[in-house]
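>>> sequence first, predicted model second:
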Amino acid sequence: MDALFLHRLQFASTTLYHFLFVPLTLGLSLLVAVMQTLWFRTGEDTYRQMVKFWGKLFLLNFAMGVVTGIVQEFQFGMNWSEYSRFVGDIFGGPLAIEALMAFFVESTFIGLWIFGWDRLSRRVHLASIWMVAIASNISAFWILTANSFMQEPVGFVLRNGRAEMVDFFALVTNPHLWVQVPHVFFSGLCTGAFVVMGVSAFHLARGTERHDVFARSLRMGVVAACVGTVMVMMAGHTQAQHMVKAQPMKMAAAEALWTSEDPASFSLFTVGNERERRDVFSVRVPSLLSILAYNRTDGRVEGLHELQAQYVAKYGPGDYVPPVALTYWSFRAMVGGGVAMLAMAFLGLFLFYRGRLEAPGRYLRVLPWCIPLPFIANSAGWLMTEVGRQPWIVFGLLRVEQGMSPTVSAGMVLTSLIAFTALYTALLVPFLFLMRKYAFGPAAPAHEPAAEPVLAPF
Amino acid sequence: MDLNTLWFALIAVLFVGFLVLEGFDYGVGILLPFLGRTDDERRGIINTIGPFWDGNEVWLLTAGGALFAAFPHWYATLFSGFYLALLVILVALILRGVAFEFRSKHESTRWRSFWDGALFFGSVVPALLFGVALSNLARGVPIDASKNFTGSFFDLVSPYALLSGVTAVAVFTLHGALFLCLKSEAPLQERAHALSLRLWPITVGLVLAFVGASYVSTDLFQRLGVNPGVAPVGAAAALLSVGWMLRAKRHGWAFFMSAATIALSVATLFAGLYPRVMVSSIDPAFSLTIYTASSSPYTLTVMSFVALTFVPLVLAYQGWSYWVFRARVTRAHLEY
């Protein structure tokens, strides 16, 4: 196996693994902060128990996100040193700002929150969880600033054999960034909401003690999920419209659109021949892709063949078509997951208005099985956006094979790939064990006097 | 002072912050199996660093991010060159980070001793390897004309580098023991005190050996000259005063002095490197300097505004968090 493939495999797998935990941190931190705000305002024990219960799950997940995040920052230099030299002038900035503005706040205030229950005033303790929630989401903004440069380079000149920053303001107003941030933010909210809904439904269906805790959590989850799924879709729609303009090749691959069409049809199901770049079998909805791209029934969407010819003329000989099947199917997995979540969220809202949300029934029994949905959609979406960027590591400027570390041998990457795979897989055992224990176990919240010094973990 | 020098100094400050702060929590992790006799005692030990370790580790992440932003070639050469060493550090830090969170979440002796082991391993290994890495920065490594590291893992583990690693472990362990003297109660505190008294002469001996070896192996002394300046002399004086403060049971001062030892030693290393950032052992002309490894003046300017705004804020709220948790850890306050 060649080094390039191993470098890519390692980056993809460690990133996808890291990104299992990140969206839940983004969403659940906000939900816990809201719960604690409600406790602060009302003083009701139900809210306090909600904070304790969801806070525990949040912390387990947060720890996994933190430790796998260290790898991410190191990997650019370790595996992609030529890339780091090429974009460091631009890419390093957001990473350093992320650490300075977000990681320090997150890590310091999470300590204050965990250990500050009886050492901080209730107001300051509440402020701590808000600091964690806000900082987590700010960190997402900065890493997406860096990522957006890879998708759509702005504010730079090519000088001294590298991309140099000439306009920091352009970097943080990158149009790609501002369509991506809301999408990631609201998918985080959906992830938090579906975990809260799934776990709450499980306890309501089983009739766990403290019905109030889970009933209120479920309602809160449903509301968050309704807001989240709608906003994710709207953000996704603006993203797709922007993609047609900025990265048409990614759009064409995501749609398996081999040749340009006007009006363009939307593929419902395509079996393609990727080598010959043609359809074997395809069910398409006429004009729908034009509608999605331009909000009208006509409009030309470029196909892979035409774009390939254009890119050869622009960038020189080479293959500029990303892996089509992977992009196409991950796009569908993302959208499919999103649609399923939207349906479940609004079904919940409907039941809520009927007053039947918490009543034992099919809805409560199905919800726990929906917990994987946001994780599938998150991973698929990330996969699509990064695979669809290929063969570029920085769109239009640097190809992936030009970015890897020249001095790191295939054997060394294989070693680290095996090490990370083994470690990450092994870590799932205690992590899932604890998640199961604290989410679904009998350790349900109990009535405890609030003033007692907390001896139990957290 | 030009921007490149400012950023070199800022990177040095970040590494000082990282090694002084994370230094004591590595030390506490190393001492965990030796000082904690019961589960409650071990929890107590972990809880002394519980609110701080994550914030301390972010100093490393920030140093990494700042290297990337201000000196991309330094970041690229260092991280790709020290690939396998960094891999081991990452594995150790991952295990350490989850150990804090997982350990007390399940009542089982085997579960807890496993995570105690992970905490020990996750503390001793980075302490050792950061010592190894820093000595290699001082001594120089094979770097070619295209700024790439051409050596192998075994070029990094010379006897000199290993001595440096062991010395770092000793310094951090002493630093951690002194922190425990400050933050724990009897009988744990008495044990930490007794251990500090035994560790101090060992640490002094190792540091002496390391300084001697550095004289032979690096050009630090030639560069520092006959009058080495405040940093190395201060580092030596601080380390020597630790023993004296310990005998007087002035633990606050002893801890402050061990922090000063670490800070001034790192400052000495950076002063000795300046203006180089990666020393080439092949040809001095191939060494990366603060000018050949840096970002553009524009980026350095932007990042200066960012750093000079946020670093003081970080110091303020991290300082406040240390103030909030200034009390000794008692049985009633176990969270992890």
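Nice, I can see it.

>>> any residue of the helix or strand hosting A:Met131 touching chain B?
A:Met131 is part of helix A:122-151, with elements assigned from DSSP states H and E. No: remark: helix A:122-151 sits outside contact range of chain B, by C-beta under 8 Å from any C-beta of the partner chain, the gap being at least 8.8 Å. Backbone N, C-alpha and C define where each C-beta goes, glycine included.

>>> now the element after the worst-scoring helix or strand of chain B on mean pLDDT, going C-ward?
Using mean pLDDT, DSSP states H and E, helix B:220-224 stands out as the lowest-scoring helix or strand of chain B, at a mean of 73. Using DSSP H and E, the helix or strand that follows helix B:220-224 in sequence is helix B:230-247.

>>> residue of the stretch 1-150 of chain A nearest chain B, please.
Shortest the stretch 1-150 of chain A-to-chain B distance, computed as C-beta to the nearest C-beta: residue-wise this is A:Gly88, at 2.2 Å.

>>> same question for the stretch 301-450 of chain A.
Checking the stretch 301-450 of chain A residue by residue against chain B with C-beta to the nearest C-beta singles out A:Ser405 as nearest, at 4.0 Å.

>>> have a look at the chain and report its longest helix.
Using chain A. Identified as the longest helix of chain A according to DSSP state H is helix A:3-42.

>>> ah, I was thinking of chain B
Chain B, longest helix under DSSP H: helix B:3-35.

>>> and it, does that touch chain A?
No: in terms of C-beta under 8 Å from any C-beta, no part of helix B:3-35 sits within range of chain A; the closest distance is 9.4 Å.

>>> now that helix: mean pLDDT?
Summarised as a single mean, pLDDT over helix B:3-35 is 95.

>>> before we move on, what about stretch A:415-435?
Stretch A:415-435 comes out at a mean pLDDT of 95.

>>> stretch B:311-329 now?
On average, stretch B:311-329 scores 91.

>>> can you tell me what sits against it?
Applying C-beta atoms under 8 Å, 6 or more residues apart in numbering or on different chains, the external contacts of stretch B:311-329 come out as A:100, A:104-105, A:108-109, A:111-112, A:115-116, A:119-120, B:10, B:13, B:44, B:47-48, B:51-52, B:55, B:182-185, B:189, B:333.

>>> tell me the buried residues in it?
For stretch B:311-329, the neighbour count (16 or more other C-beta atoms under 10 Å in any protein chain shown) marks B:311, B:314, B:317-318, B:321, B:324-325, B:328-329 as buried.

>>> ok, back up a step: the helix holding A:Met131 to helix A:3-42, inter-axis angle?
150 degrees (axes from the mean of the first three to the mean of the last three C-alpha atoms, to 10 degrees).

>>> how about helix A:122-151: buried residues?
Neighbour-count burial for helix A:122-151 [16+ other C-beta under 10 Å]: A:125-151.

>>> now do the helices in chain B.
With DSSP H as the criterion, chain B has helices spanning B:3-35, B:39-49, B:53-70, B:72-81, B:83-102, B:109-139, B:159-183, B:188-217, B:220-224, B:230-247, B:251-273, B:297-324.

>>> can I get those in CSV with distance to A:Cys190?
Listed next are the helices of chain B as CSV, based on distance: least, C-beta to C-beta, whole Å:
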stretch, distance to A:Cys190
helix B:3-35, 36
helix B:39-49, 35
helix B:53-70, 27
helix B:72-81, 35
helix B:83-102, 25
helix B:109-139, 32
helix B:159-183, 42
helix B:188-217, 46
helix B:220-224, 55
helix B:230-247, 53
helix B:251-273, 45
helix B:297-324, 31
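
>>> who touches the closest residue to B:Phe82 other than its chain neighbours in this structure?
Spatial nearest neighbour of B:Phe82, chain neighbours left out: B:Ala133 (6.0 Å); criterion: C-beta to C-beta, 6 or more residues apart in numbering or on different chains. Contacts here follow C-beta under 8 Å, 6+ apart; on that basis B:Ala133 touches B:82, B:85, B:156.

>>> now residue 145: closest residue in space that isn't a chain neighbour?
Answering for chain A, as no chain was given. The nearest residue in space to A:Thr145 (C-beta to C-beta, 6+ apart) is A:Pro94, at 4.3 Å.

>>> you answered for a different chain; I wanted chain B.
B:Phe286 (5.5 Å).

>>> what do you get for A:Leu423?
Counting by C-beta to C-beta, 6+ apart, the residue nearest A:Leu423 is B:Val91, at 5.9 Å.

>>> near the one you found, how many other residues are there?
Neighbourhood size, B:Val91 [other C-beta atoms under 10 Å in any protein chain shown]: 20.

>>> so it makes contact with A:Ala422?
No: the criterion here is C-beta atoms under 8 Å, and B:Val91 misses it with A:Ala422 at 9.5 Å.
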